[in-house]
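Asker: Below are the sequence and a predicted model; questions follow.
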Amino acid sequence: MRSDHDLKPLFEPRNIAVIGATDVPNKIGNNVMGNVIFSGFKGEIFPVNPNFQKVYELKTYPKITDIPQEVDLAVIVIPAEHVLQVFKECAEKGVKACIIITAGFGESGEEGKKMQEEIVRIARENGIAVVGPNCMGIVNTSRDLNTLMTRNLPAKGNISMVSQSGTVGLVLMGAMADMGGGISKFVSSGNEAVLKLDDFLEYFTYDQDTKVVAAFIEGIRNGEKFLRVAKELTKRKPFIVIKAGRTSAGANAAHSHTSSIAGSAQIFNAVAKQSNIITCESTEELIDYTVAFSVGALPQGRRVGIITPGGGWGVLAADACEEYGLEVSKLSKSVIDKISEKAPPYWSHGNPVDLVATYNIELLTWSGEVLLENDAADSLIIQFFAGNLSTMIKSWKNTGKVNNQMLEAMMQRWKQFMHNIAIDTAKIVEKYKKPVFCITRDPEFTEMLVSRNVPAYVDPRRAAKCLSKMLEYKKYLDKNKL
């Protein structure tokens, strides 16, 4: 079953009208216009503002009804007291979709609630798909569409996300990008007067540019529909959720924030389990899981190979794997003999493959390839650099006590070394189509890895949790093949 609303004009508009557009700095209308223009939107852009003849050198119209062409999408960024009249003009114009960024409606008292109810009535009578009010806009990177109210340029990728908190959603997008997770579509759903959470989830279910779906949820308005949509979604794509409003204090805050109905944590957890929704206890988990599903292949089994230059990290990784239902696989004699050809004689001769403080870091990726080539593991956790040499070298430079030329040469050698290791790791992932998670605390090396679609974490426990969730989802898919 598809949504009652046509969301194509929202996510794939031929043109956009920005009502309240301005090029005056520090105005939301300026931010929205800047995002629409500088994201490279290919369709026509119609600024609407009776106080300007031009905005960003574009012809500006006093009212939306003055625009000579049909309008697919209107973004409203004006004071709340004027929104209702402008929305009526959008209906008169035949606008197909509308984003109301303005706050001051159902979340703000009786008068705001009445205005929101009138918006709903007009939208239903005229078939307008409405996001908001009280939202921060939407993004569709595949169409270079960005209507966010804050200056933001999300990295392009395959993650689609709906957030009932705009600010939380924006922070999550940025954090995912830092770990290599790019956005396909993003929705700040706000008060959900017309379009609800499940409408967006239903759209993402069948969207070819979406590989994984994430959501920050404060409340669910139609539990029956949410359950139906979630069940269909999770048969096709992983659905990762953090649910806020789990306590009475959180529920009260959620109601005042977006006028949502938070519901009980017990009921939501039961629904999530029934629908195979992947739930998170923290935003860190949401980011970790979403990026892992976004860039990694699903593991085909529980066996994990652990490669480390230091025994303690291997122990931590082994503990985490077992605690999360994974198996630290046993190595055959032939695999041990193969690794012994290059590894120092005092290596662990087992899994974890502890290379004991070797300075030959290339041995880490080579050993990992031996495990995958000989089908000794379904996935890898590789511990690379426990320290942060990039930052350390910069600190030495700032002291002024070390020769800058020598430090610069050291930095360049270190960068080239990390670059080569990142390429080798990415080649393994591409060759064997199995999950490879890297552990490092060096930010520059992390960037080199994630830019090549290799997940990188600072702690092996986080990698093991991700692998566990991915394996659970793989088993679910095997049982529920379409």
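Answerer: Nice, I can see it.

Asker: Select the longest strand from this protein.
Answerer: strand 156-163 (DSSP state E).

Asker: Could you list the paired strands of it along with their orientation?
Answerer: Using DSSP bridges, strand 156-163 pairs in its sheet with strand 183-188 (parallel), strand 212-217 (parallel).

Asker: With mean pLDDT, mean neighbour count and distance to residue 59 as extra columns, can I get these in TSV?
Answerer: For the C-beta atoms, the positions are set from N, CA and C on the backbone; glycine is no exception. Shown next, in TSV, are those (pLDDT from 0 to 100; neighbours: other C-beta atoms under 10 Å; distance: least, C-beta to C-beta, whole Å):
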stretch	mean pLDDT	mean neighbour count	distance to residue 59
strand 183-188	98	27	29
strand 212-217	98	26	38
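
Asker: returning to what we had before: ok, and for the longest strand of the chain, which residues are buried?
Answerer: 157, 158, 159, 160, 161, 162, 163 (16 or more other C-beta atoms under 10 Å).

Asker: Quick check: the farthest pair among the residues you listed?
Answerer: 158 and 163 (17.2 Å; C-beta to C-beta).

Asker: which residues touch residue 473?
Answerer: By C-beta atoms under 8 Å, 6 or more residues apart in numbering, the residues touching residue 473 are 238, 276, 278, 293, 298.

Asker: Using the three-state scheme, assign it.
Answerer: Secondary structure, DSSP: H, G, I helix; E, B strand; the rest coil: residue 473 is helix.

Asker: Distance of it relative to residue 398?
Answerer: 45 Å (C-beta to C-beta, to the nearest Å).

Asker: Repeat that for residue 291.
Answerer: 32 Å.

Asker: Neighbour count: these two, which is higher?
Answerer: residue 291 (29 against 9; other C-beta atoms under 10 Å).

Asker: Please identify the helix or strand for the more buried one.
Answerer: For residue 291, the host element (DSSP states H and E) is helix 283-295.

Asker: Give me the mean pLDDT for the helix or strand following that helix.
Answerer: Heading C-terminal from helix 283-295, the first helix or strand you meet, by DSSP H and E, is strand 303-308. On average, the pLDDT along strand 303-308 is 97.

Asker: ok, and what's touching the helix or strand that strand 303-308 is followed by?
Answerer: Going down the chain from strand 303-308, the next helix or strand is helix 311-323, by DSSP H and E. Residues outside helix 311-323 that contact it (C-beta under 8 Å, 6+ apart): 304, 306, 308, 327-328, 348, 352-354, 356, 381, 383, 386, 439, 459-461, 463-465, 467.

Asker: Which of the residues you listed fall in helices?
Answerer: 460, 461, 463, 464, 465, 467 (DSSP state H).

Asker: Over to residue 449. Which of the three states is it?
Answerer: Going by three-state DSSP: residue 449 is helix.

Asker: count of neighbours near it?
Answerer: 28.

Asker: okay, now the closest residue to it other than its chain neighbours: neighbour count?
Answerer: Excluding the flanking residues, the one nearest residue 449 by C-beta to C-beta, 6 or more residues apart in numbering is residue 456, at 4.4 Å. By other C-beta under 10 Å, the residues close to residue 456 number 25.
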